[in-house]
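> Build me a model from this:
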Amino acid sequence: MFMSISTTGTAESPATDLGFLLHKHPGKVQRFGTSHGEAHVFYPAAGDELCTAALLLDIDPIALVRRGRGKGRGGSPDFALAQYVNDRPYAASSLLAVALRTVFRTAMKGVCEARPGLADRPRPLRIALPAVPANGSGEGGGPAMVARLFEPLGWRVEAVAIPLDESFPEWGESRYVRVELASSTVRLADALQQLYVLLPVLDGAKHYWVAPDEVDKLLAAGEGWLADHPEQALIARRYLARRWSLTRTAMARLELARLAEADDREVEEIDNAVDDTDGPEPGAAHPSVTERAGAGPAGAGEAEAEPVEDGAPSKRPSLAEQRRAAILAALREVGAARVADLGCGQGELIGALLKDARITEVLGVDVSARALIAAARKLRLERMPERQAARVKLVQGALTYTDSRLKGYDAAVLCEVIEHLDLPRLPALEYAVFGAARPSAAVVTTPNAEYNVRWESLPAGHVRHADHRFEWDRAQFRAWAERVARSYGYTVVIRPVGPEDPEVGPPTQLALFRLGTTAESEHESEHESTEHESTEHESIEAADTTASDRTTPEGGEPR
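Below is the predicted model:
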């Protein structure tokens, strides 16, 4: 099989710079061994104005048969019928993709020490592939598929279907396509990475067994372009040989990468929902006096010490259990049957919702892929009866972006979520939930900062969880909730959760929002908010000042 890469240049920027980019000297013919044959690199043309590098892969059909038994196309029925007469030595496929990585490994990394900066600049490129299998398998193959895959990446595509036999046009077209790609905006390193991924995608098969590490290869080669590709689902599915478990993993990681790039953050900063430690951290409260509020934004939980009386832990339900009970009561009050748990974490609240027969559908949303995997495992979705499993759906998404999947629900729950955002990002969540998704009701819980003095294990001046960007007192939370309600056409009531201290209030505060106005909610809200109306603006300003004075990580996000 054959492939050529051409570029043009001038005396100031000669085309022979292609040799530096590929790390292959234009004056030499080089040979490289691969597991299925030999790869040859040579230059049919090498001048200042035009330079062409060619890769010729000479496949050994005997080695292909011996190494390919039971693997990829090597083990397919059509191959078994014609073991030594097939298209593998001639049509560009995963064999050529592997040869690209073997021969041009350094070029694919975008490294050029001999000419610093050369690899970072795009230059005119023209890539020719005389024979590429483009088997649609019901997904629209042929020249149309080539265009769908390459045009979004900045390539001008010339793809022509090759007839079965030019002497007999009535026989029709074969599944092979003659392809030429041209661009002046794509770096050579990116072009090679794209070919490495998309050649097997066009073929729809691989010559080797697709193992889980293929997901890592796909994401590494697709960095910078695959997350935003309109055909990313098709690419992942075909590159991973339609192994659905691997495809789901790849899609989840691609979405996480897209969200991280949009926020100009590292993936690790967002996908930090699951605590990888096996036990409590040094200095943490004893497990008997702590609780994990896993229904929070990512299920990582919040270690909150329960008050101790007479030297013994309290026997009352943990604060996490009291929170879930308060949320369920609020959902029953508004008659919610379809509920979206926004920031579902590891699914503790979802598990409680599924126990209520009045809840017909639960949508769990979290930005962390690890949290969603943990939730599916904890809920035992794979072992759940079909009718029960049909009630729950877990999806990945960031709550600071509008998402059409969140629309149409009776109620949305934000359990211990808002405090994990930097305050400047909170308006984005407000609009995404109350403005765009617009549920009929919403339940929001957050810590009451005044109650922190009652936690014996919490040092003075500290927040309850290392990832909290702020914690509000009762006046600040009320001011925020009433502003959001007025802005988006909701009414709101504030309720305590947990034991209410006469001096500092409850450990958790809950806001129940309802779309529109009802006499009951209007009366309750008016009664509870009279003494706070004059302090609304001062409370918000105090929250901003308090959060900005703390030393917390930059770029908060609901995990």
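
> Strands of the stretch 1-150 of the chain, residue ranges please.
In the stretch 1-150 of the chain, the strands defined using DSSP state E, counting those that start in this stretch lie at 2-8, 30-34, 37-46, 50-59, 125-133.

> average pLDDT across whichever strand or helix holds Arg323?
Using DSSP states H and E, Arg323 falls within helix 319-334. Per-residue pLDDT values over helix 319-334 give a mean of 94.

> Ok, stretch 136-156 next?
Stretch 136-156 comes out at a mean pLDDT of 86.

> Name the residues of the helix holding Arg323 that are buried.
Applying a neighbour-count criterion of 16 or more other CB atoms under 10 Å, one finds Leu319, Ala320, Gln322, Arg323, Arg324, Ala326, Ile327, Leu328, Ala330, Leu331, Val334 buried in helix 319-334. Where C-beta positions appear, they are placed from N, C-alpha and C, glycine not excepted.

> Among these, give me the pair with the biggest separation.
Farthest-apart pair in the buried residues of helix 319-334 is Leu319 and Val334; separation 23.0 Å (CB to CB).

> any idea which residue of this structure is furthest from its center?
Ser167 (50.3 Å; CA atoms, centre = their mean).

> What helix or strand is that one located in?
Going by DSSP H and E, Ser167 is not part of any helix or strand.

> Repeat that for Thr446.
Counting by DSSP H and E, Thr446 is found in strand 441-447.

> That strand - contacts with which helices or strands?
helix 319-334, strand 411-415, strand 508-515 (3 or more CB pairs under 8 Å, 6 or more residues apart in numbering; DSSP states H and E).

> distance between the helix holding Arg323 and the chain's centre?
Remark: helix 319-334 is offset 30 Å from the chain centroid, using CA atoms, centre = their mean, to the nearest Å.

> In terms of secondary structure, what does that helix contact?
Against helix 319-334 (3+ CB pairs under 8 Å, 6+ apart) you get helix 348-354, strand 411-415, strand 441-447, strand 490-497, strand 508-515.

> could you point out which element follows the first one?
For helix 348-354, the succeeding helix or strand toward the C-terminus, using DSSP H and E, is strand 361-366.

> Show the model's pLDDT score for the closest residue to Gly47 other than its chain neighbours.
Nearest non-adjacent residue to Gly47, counting by CB to CB, 6 or more residues apart in numbering: Ala15, 6.4 Å away. For Ala15, the model assigns a pLDDT of 93.

> In the stretch 51-200 of the chain, where is pLDDT below threshold?
Flagging of the stretch 51-200 of the chain using pLDDT under 70 yields the residue ranges 62-88, 137-138.

> Helices of that one, start to end?
Secondary structure of the stretch 51-200 of the chain by DSSP state H, counting those that start in this stretch: the helices cover 61-68, 77-81, 94-103, 105-108, 143-150, 188-203.

> Please produce TSV containing the strands of the stretch 1-150 of the chain, extended by mean neighbour count and distance to Glu500.
Putting the strands of the stretch 1-150 of the chain into TSV (neighbours: other CB atoms under 10 Å; distance: least, CB to CB, whole Å) gives the following:
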stretch	mean neighbour count	distance to Glu500
strand 2-8	20	72
strand 30-34	13	72
strand 37-46	18	74
strand 50-59	20	74
strand 125-133	20	69
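
> In a markdown table: the ones you listed, plus distance to Ala97.
Formatted as a markdown table, these follow (distance: least, CB to CB, whole Å):
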| stretch | distance to Ala97 |
| --- | --- |
| strand 2-8 | 10 |
| strand 30-34 | 11 |
| strand 37-46 | 12 |
| strand 50-59 | 10 |
| strand 125-133 | 11 |
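
> ok, back up a step: for Arg175, find the nearest of the helices and strands packed on helix 319-334.
Here helix 348-354 is closest among the helices and strands packed on helix 319-334 (CB to CB), at 45.6 Å.

> who are the neighbours of the closest one, in terms of helices and strands?
If you count contacts as 3+ CB pairs under 8 Å, 6+ apart, helix 348-354 packs onto helix 319-334, strand 338-342, strand 361-366, helix 369-379.

> Throw the ones you listed into CSV and include distance to Met1, thanks.
Output for the helices and strands packed on helix 348-354, formatted as CSV (distance: least, CB to CB, whole Å):
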stretch, distance to Met1
helix 319-334, 60
strand 338-342, 50
strand 361-366, 44
helix 369-379, 37
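
> Of all those, which one comes closest to Thr249?
When the helices and strands packed on helix 348-354 are compared by CB to CB, helix 369-379 sits nearest Thr249, at 8.1 Å.

> still on that earlier bit, possible to save the helices and strands packed on helix 319-334 as CSV with distance to Leu188 and mean neighbour count?
Output for the helices and strands packed on helix 319-334, formatted as CSV (distance: least, CB to CB, whole Å; neighbours: other CB atoms under 10 Å):
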stretch, distance to Leu188, mean neighbour count
helix 348-354, 48, 23
strand 411-415, 47, 26
strand 441-447, 51, 26
strand 490-497, 54, 20
strand 508-515, 54, 24
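
> Go through those and name the closest to Ala390.
Proximity to Ala390 (CB to CB) singles out helix 348-354 among these, at 11.1 Å.

> hey, C-alpha coordinates of that closest one in PDB?
The C-alpha trace of helix 348-354 is given here as PDB (Å, rounded to 0.1, in the frame of the first residue of the first chain):
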ATOM      1  CA  GLU A 348     -26.900   8.000  47.000                       C
ATOM      2  CA  LEU A 349     -29.900  10.200  46.300                       C
ATOM      3  CA  ILE A 350     -30.800   8.300  43.200                       C
ATOM      4  CA  GLY A 351     -30.900   5.100  45.200                       C
ATOM      5  CA  ALA A 352     -33.300   6.800  47.600                       C
ATOM      6  CA  LEU A 353     -35.500   8.100  44.800                       C
ATOM      7  CA  LEU A 354     -35.800   4.700  43.100                       C
END
